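Q: Provided below for reference: sequence and predicted model.
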Amino acid sequence: MSRPLITILDDEPEIRQILTETLEEAGFRTQSFSRAREFEASLNRVTPDVCLVDLSLPDTDGLALVHRLALEQGAAVIIISGRAQVQDRVTGLELGADDYITKPFDPAEVVARIRARLRGGPRTVATTGNTAQFSGWTAHFDRYILEDDTGEETPFSHAEGEVLRLFLESPKRLISRAQMQESLGGGAGESFDRAMDVRISRLRTKLREDPKNPRLIKTIYGAGYIFLGDVSWL
């Protein structure tokens, strides 16, 4: 089985070297880039398993790049940035990042976060197909597209897709935060809770839910969530 490929985009050579050495010692393959243009060109040739992306890049806006990656690539996206403000974290997650690590970081933590993402991804993909129908919607997980009953398409990110698939694989059953953490991985505690809140809010918007009274993704306060639609996998 091929070792997972991790791409590193950071304009600091010391950071690239630390991450490359640490990840390769941990058993991953790596590619590193100092410029977004070279990084994006590489995506036309191969899709990495995880992209590590710095936000402060000399040739592009890092947040805009994260958003493009989340919508267009099947890879998980982890931001590694010196921007430690809460709003930066929230914005990164809202734009589709799977996780957010601040500099300075412990290389061992980066390895652990990557392994958590890789554990979350394949487990959710393996049990069902790539297309599900529910409540007038069709979710195409191979294309990261939601299609309504008129054929109008709305893209969703890799991170949003993980949560949606988790709901669709367990309809009409309570899914606790602990179960979501176990299935999806990622940072623990408040960071994980905030990431889930952001992804679920974005999914509700894309499913045209009433935020005050959602009909599909119900919050059970203090317990978790229930997806109320009837689901069929194609």
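A: That came through fine.
Q: buried residues in stretch 224-234?
A: Buried residues in stretch 224-234, counting neighbours by 16 or more other Cβ atoms under 10 Å, are found at 224-227, 229, 231. Yep, even glycine has a C-beta here, placed from its N, CA and C like the rest.
Q: Now do the domain split for this protein, please.
A: 5-118, 127-233 (automatic domain parsing).
Q: Name the SS class of the residue of the chain most remote from its centre, please.
A: Distance from the C-alpha centroid of the chain, by Cα atoms, centre = their mean, peaks at residue 150 (27.5 Å). Going by DSSP: H, G, I helix; E, B strand; the rest coil, the secondary structure assigned to residue 150 is coil.
Q: List the buried residues of the helix or strand hosting residue 181.
A: Assigned by DSSP states H and E, residue 181 falls within helix 177-184. Under the neighbour-count criterion of 16+ other Cβ under 10 Å, helix 177-184 has 180-181, 183-184 buried.
Q: Could you do stretch 19-26 as well?
A: For stretch 19-26, the neighbour count (16+ other Cβ under 10 Å) marks 19-20, 22-23, 26 as buried.
Q: Report the mean per-residue pLDDT for it.
A: Across stretch 19-26, pLDDT averages out at 96.
Q: for stretch 149-164, same thing?
A: Per-residue pLDDT over stretch 149-164 has a mean of 90.
Q: contact partners of it?
A: If you take Cβ atoms under 8 Å, 6 or more residues apart in numbering as the criterion, stretch 149-164 is touched by 70-71, 73-77, 93, 96-98, 120-121, 124, 136-137, 139, 141, 144-148, 180, 184, 195-196, 199-200, 202-203, 206.
Q: give me that answer again for 6 Å
A: Residues outside stretch 149-164 that contact it (Cβ atoms under 6 Å, 6 or more residues apart in numbering) are 70-71, 76, 96, 98, 124, 136, 141, 144-147, 184, 199, 202-203, 206.
Q: which stretches of this structure form helices?
A: Ranges of helices in the chain, per DSSP state H, are 13-25, 36-42, 62-72, 86-94, 107-126, 158-169, 177-184, 189-206.
Q: okay, these in JSON lines with distance to residue 49 next?
A: As requested, those are exported to JSON lines (distance: least, Cβ to Cβ, whole Å):
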{"stretch": "helix 13-25", "distance to residue 49": "11"}
{"stretch": "helix 36-42", "distance to residue 49": "14"}
{"stretch": "helix 62-72", "distance to residue 49": "13"}
{"stretch": "helix 86-94", "distance to residue 49": "19"}
{"stretch": "helix 107-126", "distance to residue 49": "6"}
{"stretch": "helix 158-169", "distance to residue 49": "11"}
{"stretch": "helix 177-184", "distance to residue 49": "15"}
{"stretch": "helix 189-206", "distance to residue 49": "19"}
